[in-house]
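[1] dropping the sequence and predicted coords here.
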Amino acid sequence: MTILRRALDGLYLVSAGLAALSLFGIFVVMMAQVFLRQGNIQLPGADDFTAYLCVATTFFALAYTFKRGELIRVGLFIDKAGPGLRRLIEMAVLALAAALVAYIVYWTWSDAMFSLEIEEVAQGSVPFLIWIPKLAIPAGSGILLIAILDELVIVLRGEKPSYVRAAEERAARGDFSAEV
């Protein structure tokens, strides 16, 4: 395994770890609310923090989920295609996905930087700087973009995409939980 492959797989794992930490953060905030309510104490900003942690959880989980073949794929047409046509379709779809995700990264990064520039604060009960939680979207999307480009290179080299291999391995074990 090359250094680049280990680095990329490590990046996806770190991103999944950040998603897990965000999810754990939601749990901590919710449990704090439960316990504090017993004493008639409100946790200021809990709803805002939970909402932004939900966004972070979602976006940081994207790349790892994509590489493991856990995202929803509609394979009705591509599954019937021969190997050559399938490879062309995979390349086209991955290139299109890369372009769309790059667009998302660009505009969400621009939005976060604009929030930093104007020193935008949350309108809730705790006025925290909004650009900080907004960074989860371009960061998670950027890691997804890297994962999509990683898969595009794999397909261009004539290899089977990681998400297809992962789905085949699950099917070989008799695990059809990800199949719709």
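    Everything's here; your move.

[2] can you map out the helices along this structure?
    With DSSP state H as the criterion, the chain has helices at 3-38, 46-67, 83-117, 131-134, 136-156, 162-172.

[3] any chance of those in TSV, with mean pLDDT and mean neighbour count too?
    All C-beta atoms are positioned from the backbone trio N, CA, C, and that covers glycine. Shown next, in TSV, are the helices of the chain (pLDDT from 0 to 100; neighbours: other CB atoms under 10 Å):
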stretch	mean pLDDT	mean neighbour count
helix 3-38	97	14
helix 46-67	96	20
helix 83-117	97	15
helix 131-134	96	18
helix 136-156	98	21
helix 162-172	87	15
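
[4] any chance of those helices in CSV, plus distance to Leu76?
    Shown next, in CSV, are the helices of the chain (distance: least, CB to CB, whole Å):
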stretch, distance to Leu76
helix 3-38, 28
helix 46-67, 20
helix 83-117, 12
helix 131-134, 37
helix 136-156, 19
helix 162-172, 14
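
[5] can you say which of those is nearest to Gln123?
    Among the helices of the chain, helix 46-67 comes nearest to Gln123, with 8.7 Å by CB to CB.

[6] what's the angle from that closest one to helix 162-172?
    80 degrees (axes from the mean of the first three to the mean of the last three CA atoms, to 10 degrees).

[7] contacting residues around helix 46-67?
    11-13, 15-16, 18-19, 22-23, 25-26, 29-30, 32-33, 71, 122, 124-126, 128, 133, 136-137, 139-141, 143-144, 146-148, 150-151, 162-163, 166 (CB atoms under 8 Å, 6 or more residues apart in numbering).

[8] identify the residue nearest the geometric centre of this protein.
    Taking CA atoms, centre = their mean, the centroid of the chain lies closest to Leu62, which sits 2.0 Å from it.

[9] and for this protein, the residue most distant from the center?
    Max distance from the centre of the chain (CA atoms, centre = their mean): Gly39, 37.4 Å.

[10] pLDDT wise, what is Val180 at?
    Looking at Val180, its pLDDT stands at 54.

[11] Gln123 too?
    With respect to pLDDT, Gln123 has a value of 88.

[12] ok, Gln42 to Gly124 distance?
    12 Å (CB to CB, to the nearest Å).

[13] err, Ala98, not the other one
    Taking CB to CB, one finds Ala98 at 36 Å from Gly124.

[14] likewise for Thr57?
    Using CB to CB, which is the criterion applied here, Thr57 is 19 Å from Gly124.
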